[in-house]
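1. no sequence for this one, just the structure:
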DNA sequence: ATTTGACCAGATTTGTAATTTTGGTCAAAT
DNA sequence: ATTTGACCAAAATTACAAATCTGGTCAAAT
């Protein structure tokens, strides 16, 4: 916004991140954030137009960090070509980002009344390009012969969504001690999906690798667009 | 209880089932149930000691019906020997029983304040034999060579739980139109799990079939025990 | 030019008393 | 012997004013 002081803005966002994650949107006041960030309340309004704009700025930062982490992970993975390992990296990046997990859960404890706002971040998101990305990706994989075609891309994508959701949300419904540890779970899901998705003859690894690289590039681009979109918003 | 009039008890439970499913535990009054069942309020207390006892009686009846439906389905399935088809039948039975789905979700809209009670049905259940049944079953399957052994039974069982949960709970988190229709989803999950769980060489079908038959018998027995347990409770 | 924090109107929460509803009972009706 | 529904104490809901808090501003300080 009006002020150019990225270091202070970062301090504000860091403080906000802690407080929102711990106390949730409703119970975290702007004064709390100012105190925790060691700045005056007025200073916050030099960086953000409103509490909501600050909150959304934080969401965007977290999404960017998640996206970045994901890209790094997938590119660093020696076996990065298979859907299964890519999926695994998605799940790892996911669980490492409490905010992303909360976002997916639409966690009422964290997001509180923010979710009731008529033009909140999520509603604006799903208005534009939908969540459809994942099933389009699966369809590409199928066309390339890297994924079995006897199950529709929509169904496969949805099953993958359910697993990701269950990974972060299952602890609301059964007690924690019944749940295997996260790493074992992710590795297991990776192995299961690898075998589950393989086409009859065994997948076309090269084609898969190419599509994944394309996807990675696409995601990076998408985040750039998102950032621009925000800098012009209310 | 004190009165022997199974026909009237059924009417009460049927009415209660409709009302609880529609309005939830909190908003459904005993008088509502009496009116809908066409009996006086007093009559209800001839069958059930309290509103809670009635509610729990309903839960037990629904669980029994679910169990019965499941047993029928699995036994009727021509390909009943494989884990995948058994799992599919589980999911079908599940989705056909709105109450079971609500139970698994611990749906606050349906169960309301009942869940806050210190000694509610669910707490009593998990005190005794745990939810562990499913992973013990997987372990048996592994020992018999019908399921791959490079993933722990706990992890496999939990993944199956997540899918079952996602099947009924996902509509709280993304809007319905994004979700594939239930049948396609269940069939897809069955196919995916079939391939995902197969051991390297291909499964030992005969051993699997035997274990499943054993499980079916065990479940029937368990429900008998449950019913006795309830008839002596408060 | 920046930054601050006292200040304010509007929203939220709290305290509380009046009102209504509900689970459960039992004398009377059948 | 059964069944009923008017009745009751306890619990939940509503009503509403007083008190508090919060997002946002801006004159004053730096």
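-> Happy to help now that I have it. Source: prediction; values computed, not measured. Residues are numbered from 1 along each chain as shown, chains lettered A, B, ... in the order given.
2. hey, let's count contacts and neighbours off CA atoms from now on
-> Noted.
3. which residue packs closest to the residue nearest in space to the middle of chain A, ignoring adjacent ones?
-> In chain A, the residue lying closest to the centroid (Cα atoms, centre = their mean) is residue A:100, at 4.6 Å. Nearest residue to residue A:100 in three dimensions, chain neighbours excluded: residue A:94, at 6.4 Å (Cα to Cα, 6 or more residues apart in numbering or on different chains).
4. in which helix or strand would I find the one you found?
-> Element membership for residue A:94 (DSSP states H and E) is helix A:83-95.
5. so which residues make contact with that helix?
-> With Cα atoms under 8 Å, 6 or more residues apart in numbering or on different chains as the test, helix A:83-95 has contacts from A:66, A:69-70, A:73-74, A:77, A:79-80, A:100-101, A:164, A:167-168, A:186-187, A:189-191, A:193-194, A:208.
6. mind running it again at 6 Å?
-> A:70, A:74, A:190, A:193, A:194 (Cα atoms under 6 Å, 6 or more residues apart in numbering or on different chains).
7. the very next helix or strand once past that helix vs helix A:83-95, what angle?
-> Note on helix A:83-95: by DSSP H and E, the next helix or strand toward the C-terminus is helix A:98-105. Taking axes from the mean of the first three to the mean of the last three Cα atoms, to 10 degrees, one finds that helix A:98-105 is oriented at 110 degrees with respect to helix A:83-95.
8. quick one: buried residues of helix A:98-105?
-> Under the neighbour-count criterion of 16 or more other Cα atoms under 10 Å in any protein chain shown, helix A:98-105 has A:99, A:100, A:101, A:102, A:103, A:104, A:105 buried.
9. neighbours of residue A:142, how many?
-> Per other Cα atoms under 10 Å in any protein chain shown, the neighbour tally for residue A:142 reads 23.
10. nope, residue A:78 is what I meant
-> Neighbour tally, residue A:78, other Cα under 10 Å: 9.
11. tell me the phi and psi of it?
-> phi -60, psi -30 (degrees, to the nearest 10).
12. show the model's pLDDT score for the residue lying farthest from the centre of chain A.
-> Here chain A reaches farthest from its C-alpha mean at residue A:201, the gap being 33.3 Å by Cα atoms, centre = their mean. For residue A:201, the pLDDT comes out at 84.
13. so it, which state does it fall into?
-> coil (DSSP: H, G, I helix; E, B strand; the rest coil).
14. element containing residue A:208, please.
-> helix A:205-231.
15. so what's the gap between that helix and the chain middle?
-> Relative to its parent chain, helix A:205-231 has a centroid offset of 14 Å by Cα atoms, centre = their mean, to the nearest Å.
16. and it, what does it pack against?
-> Packing contacts for helix A:205-231, counted by 3 or more Cα pairs under 6 Å, 6 or more residues apart in numbering or on different chains; DSSP states H and E, involve no helix or strand.
17. which of the residues in that helix are buried?
-> So, applying 16+ other Cα under 10 Å, buried residues of helix A:205-231: A:207, A:208, A:209, A:211, A:212, A:213, A:215, A:216, A:219, A:223.
18. check contacts around the second one.
-> The reference is to residue A:208. Contacts of residue A:208 by Cα under 6 Å, 6+ apart are residue A:146.
19. same thing with the third one?
-> For residue A:209, the contacting residues are residue A:81, taking Cα under 6 Å, 6+ apart as the criterion.
20. and the pLDDT at it?
-> At residue A:209, pLDDT is 84.
21. then the last one?
-> The confidence metric pLDDT takes the value 67 at residue A:223.
22. what number of residues lie near the residue of chain A found nearest chain B?
-> Nearest to chain B, among the residues of chain A, is residue A:196, at 4.2 Å (Cα to the nearest Cα). Residue A:196: 23 surrounding residues under other Cα under 10 Å.
23. per-residue pLDDT, the residue nearest to it when sequence neighbours are not counted?
-> With Cα to Cα, 6+ apart as the criterion, residue A:196 has its nearest non-adjacent residue at 4.2 Å, and that residue is residue B:196. pLDDT, residue B:196: 96.
24. what separation do you get for residue A:184 and residue A:92?
-> Applying Cα to Cα, to the nearest Å, the value for residue A:184 to residue A:92 is 11 Å.
25. with neighbour numbers in mind, choose between the two.
-> More neighbours surround residue A:92 than the other of residue A:184 and residue A:92, with 19 against 14 (other Cα under 10 Å).
26. rewinding a little: dump the contacts of helix A:83-95 into JSON lines; add neighbour count as well.
-> As requested, those are exported to JSON lines (neighbours: other Cα atoms under 10 Å in any protein chain shown):
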{"residue": "A:70", "neighbour count": "22"}
{"residue": "A:74", "neighbour count": "23"}
{"residue": "A:190", "neighbour count": "20"}
{"residue": "A:193", "neighbour count": "24"}
{"residue": "A:194", "neighbour count": "20"}
